[in-house]
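Engineer: take a look and give me a structure for this.
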Amino acid sequence: MTKKTILTGDRPTGRLHIGHYIGSLKNRVKMQDEGIYDTNIMIADMQALTDNAKNPEKIQKSIVEVALDYLAVGLDPEKSTIFVQSQIPALSELTMYYLDLVTVSRLERNPTVKNEIQQKEFGQSIPAGFLTYPVSQAADITAFKADLVPVGDDQEPMLEQTREIVRSFNHTYNQDVLVEPQGIFPPKGQGRLPGLDGNAKMSKSLNNAIYLADSADELQKKVMSMYTDPNHIRVEDPGQVEGNTVFTYLDVFAPDKEEVAKLKEQYQAGGLGDVKVKRYLNEILQAEFEPIRKRREEFAQDVPAIYEMLKQGSQKANVVANQTLQEVREAIGVNYF
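Structural biologist: Numbers count the residues shown, from 1 in each chain. The predicted model follows:
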């Protein structure tokens, strides 16, 4: 049976947080371990440079951080091809061909791009590379003829853009070269974790994230600082569960759903303090992430081995991407010699 191909990855702009873990990393590990997929994991450094071009050192330092997070959660270079985007030259050439099939107005309408442009406050100074990164992402996905892309819910507009490019390319050149990808999304209600401050999105830039590499003390401090119900001042006061970050996290991470239901009922009725609920959440998160933290510390002892793993993965990925590039060139008719 032919394996379905997976392509997914992350921008290296720092360490990965538990929102990444819930949003896509757990899915990737599960699918990798099932052994029925050809799994490709990309560290998207070129995409990260679209809004960090004047600070390349940040990206360079983050390459190892992201790789360590991958290994810590259970991604295995023996089962998955882990590679660096900039080390695959074919991706840049594919992007150039695809840009001719996409209008500027279509890129500007992409909801994910629009939201990120607002968050980064570019105003009228949007880097061209940032505006067009959905096309680069399409090149990444199609280079490996990925059938499936495990991502967070917010990436569906990016996948739709890729599917449009695939259809446009195959129709324009009357060839069945590229594959339309489908998204694999986290379970309902687990697609995105709010930040510690109650903000709808956990983000490095907002300084409201719990990182996979956080120490036990750092994790505890962050949990105890979490946004709850600002009107729940005294223990005996009835509290709001909806919009309460602590209970949102318990819904995602707590294995004992009956206990969470009891805590919610008690909190809403009055008689349950925020500190007690936060301590319960801290115990759960410590149990979930302590093994990950320990594995990360072990892998971090040999950074040269991390670079060697990425080099070997990139060499393997190059072979696949170059094959797709040749098929694309032949379909367009630019193999002149």
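
Engineer: what about Leu281, distance to Asp69?
Structural biologist: Going from Leu281 to Asp69 by C-beta to C-beta, to the nearest Å gives 22 Å. Placement of C-beta: from N, CA and C, glycine included.

Engineer: do the same with Asp10
Structural biologist: Taking C-beta to C-beta, one finds Asp10 at 8 Å from Asp69.

Engineer: joint contacts of those two?
Structural biologist: Counting by C-beta atoms under 8 Å, 6 or more residues apart in numbering, the contacts common to Asp10 and Asp69 are Leu16, His20.

Engineer: more neighbours: these two, which one.
Structural biologist: More neighbours surround Asp69 than the other of Asp10 and Asp69, with 24 against 21 (other C-beta atoms under 10 Å).

Engineer: name the nearest residue to that one, sequence neighbours excluded.
Structural biologist: Leu16 (4.2 Å; C-beta to C-beta, 6 or more residues apart in numbering).

Engineer: can you check Pro255 too?
Structural biologist: In space, and not counting its chain neighbours, Pro255 is closest to Ile284: 7.7 Å by C-beta to C-beta, 6+ apart.

Engineer: how many neighbours does Gln124 have?
Structural biologist: Neighbour count of Gln124, defined by other C-beta under 10 Å: 4.

Engineer: thought Leu263 was touching Asp251, still the case?
Structural biologist: No. Asp251 is not in contact with Leu263 according to C-beta atoms under 8 Å; the separation is 10.9 Å.

Engineer: low-confidence stretches in the stretch 51-200 of the chain?
Structural biologist: 188-191 (pLDDT under 70).

Engineer: now the strands for it?
Structural biologist: 80-84, 148-150, 182-184 (DSSP state E, counting those that start in this stretch).

Engineer: turn these into TSV, including mean neighbour count and distance to Tyr173.
Structural biologist: Listed next are those as TSV, based on neighbours: other C-beta atoms under 10 Å; distance: least, C-beta to C-beta, whole Å:
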stretch	mean neighbour count	distance to Tyr173
strand 80-84	24	27
strand 148-150	23	23
strand 182-184	16	23
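
Engineer: of all those, which one is nearest Val319?
Structural biologist: strand 80-84 (10.0 Å; C-beta to C-beta).

Engineer: what is the strand or helix carrying the residue nearest to Pro255 packed up against?
Structural biologist: Here Ile284, judged by DSSP states H and E, is contained in helix 274-299. Contacts defined by 3 or more C-beta pairs under 8 Å, 6 or more residues apart in numbering; DSSP states H and E place helix 274-299 against helix 56-73, helix 216-224, helix 245-253, helix 257-269.

Engineer: quick one on the thing from earlier: possible to save the strands of the stretch 51-200 of the chain as CSV with distance to Asp302?
Structural biologist: As requested, those are arranged in CSV below (distance: least, C-beta to C-beta, whole Å):
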stretch, distance to Asp302
strand 80-84, 15
strand 148-150, 28
strand 182-184, 32
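
Engineer: tell me how far Thr228 lies from Tyr249.
Structural biologist: With C-beta to C-beta as the criterion, Thr228 and Tyr249 are 11 Å apart.

Engineer: whoops, Asn52 was the one
Structural biologist: Per C-beta to C-beta, Asn52 is found 30 Å from Tyr249.

Engineer: these two - which one has more neighbours?
Structural biologist: Neighbour count, other C-beta under 10 Å: between Asn52 and Tyr249, Tyr249 has more, with 22 against 18.

Engineer: find the nearest non-adjacent residue to the more buried one, please.
Structural biologist: That would be Leu281: by C-beta to C-beta, 6+ apart, it lies 5.7 Å from Tyr249.

Engineer: OK, contacts around that neighbour?
Structural biologist: Neighbour list for Leu281: Val223, Met226, Val246, Tyr249, Leu250, Phe253, Ala254 [criterion: C-beta under 8 Å, 6+ apart].

Engineer: isn't the fourth one right up against Leu285?
Structural biologist: So the one you mean is Tyr249. Yes. Taking C-beta under 8 Å as the definition, Tyr249 is a contact partner of Leu285 at 7.4 Å.
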